[in-house]
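[1] Output the structure for:
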Amino acid sequence: MTVTLKDIAERVGVTESTVSRVLNGVPKASKETCEKILKVAEELEYSPNQVARSLVKQKTHVIGLVISDIYNPYFAAVTGGIEEIASSYGYSLIISTTGGREKEELKYINVFKEKRVDGIIFMSGRMPDSCLTEIKNSNIPTVVVARKIDDSVPSIHIDNIKESYKAVEFLIKSGHQKIAMISGTFADVESGYNRFLGYKKALEDYDLPFCDNYIAEGDFKLASGIEGMRKILKTKELPTAVFAGSDAMAVGAIKAIKATGLQVPEDISVVGFDNNIISKACDPELTTVGQPAKSLGKKAMEMLYKVIEGENLAERSIYLPCEIIIRDSTRKIG
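    The predicted structure follows:
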């Protein structure tokens, strides 16, 4: 026979609502009562009927995650943070990998509507207007990661201008004046272009010249770091340092520098952005801007849970700080 909340309540000597709260992780009873309820539930092999719970509560306990590239170590780390907190709240994830294609993103938003997910976390290279409109029209609680939208949709991210400024400032204070940059694509305004703006502002604030020949636009991937560095190495006067908008491009830059017979950091220092696993696997180990990727995921899910539960958010746009992690790919000069 199916074990019910009533069975557990009668065995323990409490109300069904008390049992329900304890089993759903919102206990308001004493520690002793909670332990008794959990013990009896285990003894009776109680298993909640998820379909019935969904009908009663009008909730599926499922979160839809829109992500552009699950194989990217940064996105994978953020997803790990989301999953950890979602699991603790009793939620499951449906993960959709879109490759950053608008058509795919729209498709999955509609799939999530059909599946009646309780919430959506949108984490892609950009937020197209069409997707934003679809999300708003769906009335599904949504949190955006790594993109500043507007206060109508809660978001959590880093300040890309500020953090890339700090990276270039670190190189300047290490004695470097000829600093190149391999940026992410400018089409990605939040990460690619804003990190470039941080680089440019640091040069301006320290009265250092901006040189077009020192700029290469990539796509955050290793191959574009190689190609971008090859372009920069063709300049007459070589830079003494390079700042790359991602760790993958920074590792590509190191490969291109070493291929010419130059050394890192003896001839050219290199700084990346992300602090993913590749930053410690390369030779030399990479100095980089450490993003709090897992924390971004955790905070995003915590924020989404509050929205789902109808709680007011103290802040609808949250910035998490980064840190410069100094390793062997940079050195002081002068």
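
[2] doesn't residue 241 make contact with residue 176?
    Yes. Using Cβ atoms under 8 Å, residue 176 is in contact with residue 241, at 4.1 Å. For every residue, glycine as well, the C-beta is placed using N, CA and C.

[3] shared neighbours of those two, anything?
    Jointly contacting residue 176 and residue 241 under the rule Cβ atoms under 8 Å, 6 or more residues apart in numbering are residue 269.

[4] Report how many residues lie close to the closest residue to residue 239 other than its chain neighbours.
    Distances taken as Cβ to Cβ, 6 or more residues apart in numbering place residue 180 nearest to residue 239, at 4.0 Å, with adjacent residues excluded. Counted with other Cβ atoms under 10 Å, the neighbours of residue 180 add up to 26.

[5] same question, residue 142
    What residue 142 shows, counting by other Cβ under 10 Å, is a neighbour count of 25.

[6] backbone phi and psi for it, please?
    The phi/psi pair for residue 142 (degrees, to the nearest 10) reads phi -140, psi 140.

[7] Distance-wise, check it relative to residue 32.
    40 Å (Cβ to Cβ, to the nearest Å).

[8] so where is the chain shaky, pLDDT-wise?
    1, 25-28, 48-58, 125 (pLDDT under 70).

[9] Break it down into its structural domains.
    5-48, 56-158+293-320, 160-290 (automatic domain parsing).

[10] To residue 334, which of the ones you listed lies closest?
    Residue 334 sits nearest to domain 160-290 of all the domains of the chain, at 3.6 Å, using Cβ to Cβ.

[11] how long is the closest one end to end?
    12 Å (Cα to Cα, to the nearest Å).

[12] distance between that domain and the chain's centre?
    Centre-to-centre, domain 160-290 and its host chain are 21 Å apart (Cα atoms, centre = their mean, to the nearest Å).

[13] which ones are touching residue 124?
    Residue 124 neighbours (Cβ under 8 Å, 6+ apart): 66-68, 98, 100, 105, 147.

[14] right, I mislabeled it, should have said residue 245
    Residue 245 neighbours (Cβ under 8 Å, 6+ apart): 164, 181-184, 191-192, 195-196, 218, 220, 273.

[15] mind listing the strands for the protein?
    Assigned strands in the chain, in chain order: 62-67, 92-97, 119-123, 142-145, 155-157, 179-183, 215-217, 241-244, 269-274, 287-290, 317-319, 323-325 (criterion: DSSP state E).

[16] Quick one: those as a markdown table, columns for distance to residue 307 too.
    Output for the strands of the chain, formatted as a markdown table (distance: least, Cβ to Cβ, whole Å):
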| stretch | distance to residue 307 |
| --- | --- |
| strand 62-67 | 11 |
| strand 92-97 | 16 |
| strand 119-123 | 7 |
| strand 142-145 | 7 |
| strand 155-157 | 12 |
| strand 179-183 | 34 |
| strand 215-217 | 36 |
| strand 241-244 | 35 |
| strand 269-274 | 28 |
| strand 287-290 | 28 |
| strand 317-319 | 13 |
| strand 323-325 | 29 |
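
[17] Out of these, which is the most enclosed?
    Each of the strands of the chain was assessed for mean neighbour count using mean count of other Cβ atoms under 10 Å. The highest is strand 241-244, with a mean of 31.

[18] mind exporting that one as CSV, just the C-alpha atoms?
    Output in CSV follows, covering the C-alpha atoms of strand 241-244 (Å, rounded to 0.1, in the frame of the first residue of the first chain):
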residue,chain,number,x,y,z
ALA,A,241,52.7,42.1,-22.5
VAL,A,242,49.4,40.8,-23.9
PHE,A,243,46.1,40.7,-22.2
ALA,A,244,43.6,38.1,-23.6
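
[19] Contacts for stretch 274-283, please.
    73-74, 77, 246-248, 250-251, 254, 272, 285-286, 288-291, 293, 325, 327, 329.

[20] Show me which of those residues are buried.
    73-74, 77, 246-248, 250-251, 254, 272, 286, 288-291, 293, 325, 327, 329 (16 or more other Cβ atoms under 10 Å).

[21] And the nearest residue to residue 317 once chain neighbours are set aside, how close does it get to residue 296?
    Computed as Cβ to Cβ, 6+ apart, the closest residue to residue 317 that is not its neighbour in sequence is residue 155, at 5.3 Å. Going from residue 155 to residue 296 by Cβ to Cβ gives 10 Å.

[22] Find the residues that touch each one of the two.
    Joint contacts of residue 155 and residue 296 (Cβ under 8 Å, 6+ apart) are residue 145.

[23] mind listing the helices for the stretch 201-334 of the chain?
    222-232, 247-259, 278-281, 293-308 (DSSP state H, counting those that start in this stretch).

[24] Can you give me every residue that contacts the closest residue to residue 225 other than its chain neighbours?
    Once flanking residues are discounted, residue 225 sits nearest to residue 252: 2.3 Å by Cβ to Cβ, 6+ apart. Residues counted as contacts of residue 252 (Cβ under 8 Å, 6+ apart) are 182, 218, 221-229, 244.
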